[in-house]
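Peer 1: when you get a sec, could you give me coordinates for this:
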Amino acid sequence: MRVHAVSDIHVDYPQNLKWVLGIDRHEYQADVLLLAGDVSEDLMLLERVLRGCAERFAKVVFVPGNHDLWVRRCSYDCSLAKFKAIQRLCSEVGIATEPFEYAGVEFIPLLSWYDFSFAALDRSLRLGWRDFSACSWPASLPDSQAVTRHFHQLNVGVFEWAKARSEQGLAQRSGEKICPRISCSHFLPSIDVMPSWVPESKRTVYPVLGSAELGAQVRLLAPDIHVYGHSHVNQTIEIDSTHYVNNAFATPKETRIAAKQLRCIYDSDDGRVLSRLSELAKSGGLWS
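Peer 2: Next up is the predicted model:
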């Protein structure tokens, strides 16, 4: 069983949709796909892609990204209502949004948003960041920090699941992991996963990339691999024994920072895949 990762496929671009629908229908029937958000703001397109992925992979894990929750051109006037509709769609199609174990590997999707814990929000970003106009939240979630807290609270069940597995002796024995653990989120769990070569002029978006609290949740779970999206910068870095992997497909123009292909991040029959992640982390993180 292999595990593949991709995020930010943005199928509103015809080239990206063509790539997704061109994924072989037979090659991955025993495998798992981690789809780490930002598929489409169009709910019908999102459904088409999710159904297509479900037909091609044994299991598909999905966490919605910010673009998936835009409500500019849909029947929903609230991003939270659209989120709930997406969760229902996933349940209907057979897409995993809750933790599970498959073929001896634990898969843990984590919800999140951004809360400016990586850097302060300035006026320019507040005016220019599309989410602030394309998303709409209920009065109970008045700002991005509240939205982030809401999604993090929805992760509580994840930790109950992980604790139950530990108590049953399925996940750990005497502090040692039995099952490999792979978690995923759309948003960044730490600004430290961003490459050092990113120029200062491009770091203005750092406030809206993720949340330090998400990072705390990931560290508590201590996964072997954590897949994230959102930044569009392909990266592999090892921090505290966790391999952080970004394999964003990105927009058609973003060819220098995105490999434009599925990436196998785990293979139950080939332990060298995890070693390859370690090699990538040491050599600068970019896929070759």
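
Peer 1: so C264, which state does it fall into?
Peer 2: The three-state label given to C264 by DSSP: H, G, I helix; E, B strand; the rest coil is strand.

Peer 1: okay, the residue nearest to L33 when sequence neighbours are not counted: pLDDT?
Peer 2: What sits nearest to L33 in space, not counting adjacent residues and going by CB to CB, 6 or more residues apart in numbering, is F57, at 4.4 Å. For every residue, glycine as well, the C-beta is placed using N, CA and C. Note on F57: pLDDT of 99.

Peer 1: how far away is F57 from S211?
Peer 2: Distance, F57 to S211, using CB to CB, to the nearest Å: 28 Å.

Peer 1: residues contacting the closest residue to A120 other than its chain neighbours?
Peer 2: Closest residue to A120 apart from its sequence neighbours, by CB to CB, 6+ apart: P207 at 6.3 Å. Residues near P207 by CB atoms under 8 Å, 6 or more residues apart in numbering: 114, 116, 118-122, 125.

Peer 1: in the protein, what spans have low per-residue confidence?
Peer 2: Within the chain, the segments meeting pLDDT under 70 span 170-178, 271-276, 279-288.

Peer 1: which stretches of it form helices?
Peer 2: Secondary structure of the chain by DSSP state H: the helices cover 14-21, 43-56, 79-93, 123-128, 131-134, 144-153, 156-167, 212-221, 272-283.

Peer 1: quick check: buried residues in the fourth one?
Peer 2: Read it as helix 123-128. Under the neighbour-count criterion of 16 or more other CB atoms under 10 Å, helix 123-128 has L125 buried.

Peer 1: for that helix, C-alpha coordinates in CSV please.
Peer 2: Listed next in CSV are the C-alpha coordinates belonging to helix 123-128 (Å, rounded to 0.1, in the frame of the first residue of the first chain):
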residue,chain,number,x,y,z
ARG,A,123,-3.2,47.1,6.2
SER,A,124,-2.0,46.1,2.7
LEU,A,125,-2.6,42.4,3.3
ARG,A,126,-6.0,43.1,5.0
LEU,A,127,-7.1,45.0,1.9
GLY,A,128,-5.6,42.6,-0.7
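
Peer 1: can I get the helices of the chain in JSON lines with distance to A36?
Peer 2: Listed next are these as JSON lines, based on distance: least, CB to CB, whole Å:
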{"stretch": "helix 14-21", "distance to A36": "14"}
{"stretch": "helix 43-56", "distance to A36": "12"}
{"stretch": "helix 79-93", "distance to A36": "14"}
{"stretch": "helix 123-128", "distance to A36": "23"}
{"stretch": "helix 131-134", "distance to A36": "17"}
{"stretch": "helix 144-153", "distance to A36": "14"}
{"stretch": "helix 156-167", "distance to A36": "16"}
{"stretch": "helix 212-221", "distance to A36": "13"}
{"stretch": "helix 272-283", "distance to A36": "16"}
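
Peer 1: indicate which one of those is closest to A5.
Peer 2: Closest to A5 of those is helix 272-283 (CB to CB; 10.8 Å).

Peer 1: circling back to that earlier point, from the contacts of P207, pick the one nearest G215.
Peer 2: Closest approach to G215 among the contacts of P207 (CB to CB): F118, at 9.7 Å.

Peer 1: if anything else comes up later, I'll come back, but that's it for now.
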